[in-house]
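J.: predicted structure and sequence below. I'll ask about it afterward.
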Amino acid sequence: MSLLIQHSKRVTKIFLSGAIAALSLACSAADNGYPSDQVDAFVERMQGHGFSEQEVRQLIGESKHQQAIIDAISRPAEGVLHWHKYRQIFLKQQRIDGGVEFWKQYAEPLSRAEKAFGVPAEYIVAIIGVETRFGTFTGKWRVLDALTTLGFNYPKRGKFFTSELEHFMLMTREQELDPLSLKGSYAGAMGLGQFISSSYRHYAIDFDGDNVADLWNPIDAIGSVANYFAEHGWKHGEDVIYPATVTGQQWQNALSLHGKPAIGWGDLSQQGVSLVEDQLTPDEQVSLLEFNLEDRKIYYVPLNNFYVITRYNHSKLYALAVHQLASAIKKQHQP
């Protein structure tokens with residue numbers, strides 16, 4: 001092929017690229033139904049991070065509004081489940097077996113993470129098991145589509161999700177990841193540990209030494225989950241939660257929604273709360289949680305480490321599922 005023909009093709013390619021870029025700049029907001037004023041404001045925001053107007057508008061122009069994402073986030077199932085139903089989802093033998101196998105396969109990085117961050121291996125494994133079934137399902141939605149759909153077309157939480165879109169663009173630039181190919185949950189959570197973009201930037205780490213924090217890589221995911229817990233105050237060597245019994249009525253004033261430690265055990269025990277095995281000092285900060293079974297209620301006294309699990313997901317049901325799955329995996333695991 002002659003140099004003239006090569007040059008001609010190169011010029012044509014450059015011209016077409018420029019035309020496509022110009023078309024994207026003009027039509028991105030209209031094509032996917034996002035309000036142009038919100039897109040304009042976001043573009044200006046990203047220019048403050050050193051992005052050009054063209055690259056931001058091109059990226060948004062590549063995204064697609066997904067009504068199914070709006071539908072999914074508008075009807076979360078967890079809030080209507082009682083503990084006996086919720087537990088059945090995550091405490092199945094298949095998931096426990098999967099956790100044991102995952103632990104055996106990644107024993108070295110799990111041991112290293114436990115030593116580095118003070119978080120027991122079984123809790124790291126349980127988080128990954130609850131979130132993605134040990135990496136077998138990390139999400140089917142393009143993260144870009146999820147964040148633009150929710151950021152621009154879901155006013156109820158638009159501010160949060162445009163912030164996450166901002167973090168997503170920064171994250172993909174920092175980690176040199178393709179923003180068009182990454183997939184995750186309908187809310188834009190990514191990788192084995194299902195980090196949202198802001199958490200990815202703040203807590204994801206390179207744990208395998210390749211200079212990239214890749215949460216689809218099990219080793220990096222292990223280190224990142226452990227780092228997340230450590231950064232949120234996990235206390236090495238301390239317990240998580242104790243089963244309890246209640247008598248009288250005074251204990252009702254101490255009930256908590258999420259288990260944030262807010263009362264000394266000595267004071268709580270004076271309100272009709274007892275532990276199956278009393279291992280706490282009077283000044284230990286605790287709280288009291290109530291869970292619904294099919295025909296009765298049960299009670300637990302959570303400690304700091306339980307509350308740390310709720311920093312990953314604010315649901316007390318989620319945190320108790322992680323704790324019980326971790327305990328079941330540890331019991332079955334044979335090093």
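T.: Right, received. Where do you want to start?
J.: check which helix or strand Phe161 maps to.
T.: With elements delineated by DSSP states H and E, Phe161 resides in helix 158-175, which encompasses its position.
J.: name the helices or strands packed onto the following helix or strand past that helix?
T.: Proceeding C-terminally, helix 158-175 gives way to strand 183-184 as the next helix or strand, assigned by DSSP H and E. On a contact count with 3 or more CB pairs under 8 Å, 6 or more residues apart in numbering; DSSP states H and E, strand 183-184 meets strand 141-142, helix 143-153. Where C-beta positions appear, they are placed from N, C-alpha and C, glycine not excepted.
J.: circling back: the helix holding Phe161: which residues count as buried?
T.: Judged by neighbour count (16 or more other CB atoms under 10 Å), helix 158-175 contains these buried residues: 161-172, 175.
J.: sorry, back to before: and the helices and strands packed on strand 183-184, which is most packed in?
T.: Neighbour counts averaged per stretch over the helices and strands packed on strand 183-184 are highest for helix 143-153, at a mean of 26; criterion: mean count of other CB atoms under 10 Å.
J.: helices or strands up against that one?
T.: Using 3+ CB pairs under 8 Å, 6+ apart, helix 143-153 is in contact with helix 36-47, helix 53-62, helix 67-74, helix 158-175, strand 183-184.
J.: for Glu284, find the nearest of these.
T.: In this view, the helices and strands packed on helix 143-153 are compared for proximity to Glu284 by CB to CB, and helix 158-175 is the closest at 34.6 Å.
J.: now find how far off-centre the closest one is within its chain.
T.: Remark: helix 158-175 is offset 14 Å from the chain centroid, using CA atoms, centre = their mean, to the nearest Å.
J.: just the angle between that helix and helix 67-74, please?
T.: Comparing the axes of helix 158-175 and helix 67-74 via axes from the mean of the first three to the mean of the last three CA atoms, to 10 degrees yields an angle of 120 degrees.
J.: can you list the domains in this protein?
T.: As assigned by automatic domain parsing, the chain contains the domains 32-233+317-335, 241-302.
J.: who wins for proximity to Ile309 among those?
T.: domain 32-233+317-335 (4.0 Å).
J.: from Leu255, how far out is the closest residue to Arg87 other than its chain neighbours?
T.: Ranked by CB to CB, 6 or more residues apart in numbering and with sequence neighbours excluded, the top spatial neighbour of Arg87 is Ala321, at 6.4 Å. Separation of Ala321 from Leu255 (CB to CB, to the nearest Å): 20 Å.
J.: the two: which has the busier surroundings?
T.: Of the pair Ala321 and Leu255, Ala321 is the one with more neighbours under other CB atoms under 10 Å, namely 24 against 12.
J.: hang on, that one packs against Tyr86?
T.: Yes - Ala321 sits in contact with Tyr86 when judged by CB atoms under 8 Å, with a separation of 6.4 Å.
J.: quick one: low-confidence parts of the stretch 201-335 of the chain?
T.: 335 (pLDDT under 70).
J.: and stretch 86-96, end to end?
T.: Stretch 86-96 has its terminal residues 15 Å apart, counting by CA to CA, to the nearest Å.
J.: average pLDDT for stretch 192-199?
T.: The average of the pLDDT scores along stretch 192-199 is 98.
J.: how far off centre is it?
T.: Relative to its parent chain, stretch 192-199 has a centroid offset of 4 Å by CA atoms, centre = their mean.
J.: how about the helices and strands packed on helix 143-153 in a markdown table, adding distance to Asn227 and mean pLDDT?
T.: Conversion of these to a markdown table gives the following (distance: least, CB to CB, whole Å; pLDDT from 0 to 100):
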| stretch | distance to Asn227 | mean pLDDT |
| --- | --- | --- |
| helix 36-47 | 27 | 97 |
| helix 53-62 | 29 | 96 |
| helix 67-74 | 27 | 94 |
| helix 158-175 | 15 | 97 |
| strand 183-184 | 19 | 98 |
